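**Q** Everything below, folded, please.
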Amino acid sequence: MEYLIPLAIFAALGILAGVLLTVASKVFAVEVDERVDAIAEALPQANCGACGFSGCADYADAIVNKGAECNLCRPGGEAAAKKIAEIMGVEVTAAEPQVAFVRCSGDCSHTPHKYDFDGIQSCAACNRFYDGSKLCTSGCLGYGDCIKVCSQGAISIVDGIAVIDKAKCMGCGLCAKACPNGLIAVRRISQAVDICCSSRDVGRVTRSVCPNGCIGCKLCEKNCPSGAVTVQNNHAVIDYDKCTNCGKCAEVCRVHAIRSIMGEKVEVQ
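**A** Numbering: from 1, shown residues only. Below you'll find the model as predicted:
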C-alpha cells in the first residue's frame with residue numbers, strides 16, 4: 001500500500017503534464033502555409049544563397065510571407081520559376097539563366113610563378129603568402145577552391161587557371177564566393193563579350209606580369225556605342241545591362257583582354 005500512493009501521484013502528474021502539453025501545443029501552434037513546403041520542394045535544394053536568402057527553405061518562406069519574387073532561383077531557372085508561379089497563382093517571367101566566368105587569362109605560359117608553393121594546396125592558403133605564387137597578384141591562383149564548392153563539376157584547372165563549362169554551370173555563384181581574388185563573375189548566359197583580366201594595376205605593371213592583361217587604355221570605352229564599357233581603377237568594366245553584344249570593345253582591344261566568350265564552354269583561348 002505504501003508504494004501505491006507514490007505511484008498514483010506520479011501517474012496523475014504524468015497525465016496532467018500530458019494534458020498541459022497537448023493544450024499548449026494547440027494554443028501556441030504556429031500555422032504553416034502549405035505553399036511554403038510546396039515551393040521548397042520545387043526548388044533544387046542547392047542552398048547556394050544566390051537568391052539573396054539563406055537557403056531554399058528561407059526563400060520559399062519569403063515568397064509566401066514576404067512577397068519575394070518567384071524567379072530569383074538561378075539553379076532552378078525557368079522550370080522552378082514556372083512551378084512556383086503555379087503554386088502562388090501568379091504569372092512570372094523567368095529570369096535569364098546565369099553563368100559564371102573567370103576573369104583571367106594569365107595561364108602558365110603567360111604568367112610565371114615567382115615561387116613554388118608547397119603549403120596547403122588551396123587558393124586561400126596560397127594567397128596569404130605574398131598575394132599568391134604567381135607574378136600577377138590579381139589573377140587565378142589555380143589551386144581549385146572553386147572546384148571544391150561546385151556541385152555540378154563545371155570547373156576544371158587548365159594550364160594553371162580555372163575554366164568553367166557553360167553547359168554544366170547553374171550560376172549559383174558559390175565559386176565566386178570561394179575565389180580569394182574575386183575574379184569570378186556571374187552574369188547572364190547570353191553575354192557575348194567579357195573582360196578576361198582582373199588586374200587593377202597601372203598598364204605598365206600589368207603588362208610586366210601578364211601580356212594578356214588590361215592596360216586601361218580606354219579604347220574600349222571610347223568605341224562602345226552604348227556606353228557599356230568604362231575604365232575604373234585602371235581596368236575596363238562592362239555594364240551588362242547596357243551591353244548590346246556588338247563586340248566593338250573586343251575589336252579595338254590591343255592586348256585582347258576583352259574577348260568573345262560565346263561557345264560551348266566559357267573559357268579563355
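**Q** Please enumerate the helices of the stretch 1-150 of the chain.
**A** 4-27, 34-42, 56-65, 77-88, 123-127, 145-149 (DSSP state H, counting those that start in this stretch).
**Q** Need those in CSV (columns: mean neighbour count).
**A** (C-beta placed from N, C-alpha, C; glycine too.) Output for the helices of the stretch 1-150 of the chain, formatted as CSV (neighbours: other C-beta atoms under 10 Å):
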stretch, mean neighbour count
helix 4-27, 10
helix 34-42, 17
helix 56-65, 20
helix 77-88, 18
helix 123-127, 18
helix 145-149, 19
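**Q** and of these, who's closest to C210?
**A** C210 sits nearest to helix 123-127 of all the helices of the stretch 1-150 of the chain, at 17.0 Å, using C-beta to C-beta.
**Q** Run through the neighbouring helices and strands of that closest one.
**A** The elements that helix 123-127 packs onto, with contact taken as 3 or more C-beta pairs under 8 Å, 6 or more residues apart in numbering; DSSP states H and E, are helix 145-149.
**Q** and the helix it packs on, what's its mean pLDDT?
**A** Helix 145-149 comes out with an average pLDDT of 96.
**Q** Show me the domain layout of the protein.
**A** Listed by automatic domain parsing, the domain ranges of the chain are 34-88, 98-260.
**Q** Could you export those domains as CSV, including distance to L16?
**A** Converted to CSV, the domains of the chain look like this (distance: least, C-beta to C-beta, whole Å):
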stretch, distance to L16
domain 34-88, 34
domain 98-260, 51
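**Q** So which of the helices of the stretch 1-150 of the chain is nearest G213?
**A** Of the helices of the stretch 1-150 of the chain, nearest to G213 by C-beta to C-beta is helix 123-127, at 18.3 Å.
**Q** got the CA positions of the closest one in CSV?
**A** Presented in CSV, the C-alpha positions along helix 123-127 are these (Å, rounded to 0.1, in the frame of the first residue of the first chain):
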residue,chain,number,x,y,z
CYS,A,123,43.9,29.3,-53.3
ALA,A,124,43.1,30.9,-49.9
ALA,A,125,46.2,29.4,-48.3
CYS,A,126,48.5,30.4,-51.1
ASN,A,127,47.1,33.9,-51.3
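**Q** now C220: how far from R200?
**A** 16 Å (C-beta to C-beta, to the nearest Å).
**Q** who has more neighbours, the two?
**A** Taking other C-beta atoms under 10 Å, C220 and R200 do not tie; C220 has more neighbours (27 against 15).
**Q** Now do stretch 52-72: everything it contacts.
**A** The contact list for stretch 52-72, computed with C-beta atoms under 8 Å, 6 or more residues apart in numbering, reads 33, 35-37, 39-40, 43-47, 49-51, 73, 81, 84-85, 88, 90, 92-95.
**Q** at 7 Å what do you get?
**A** With C-beta atoms under 7 Å, 6 or more residues apart in numbering as the test, stretch 52-72 has contacts from 33, 35-36, 39-40, 43, 45, 47, 51, 73, 81, 84-85, 88, 90, 92-95.
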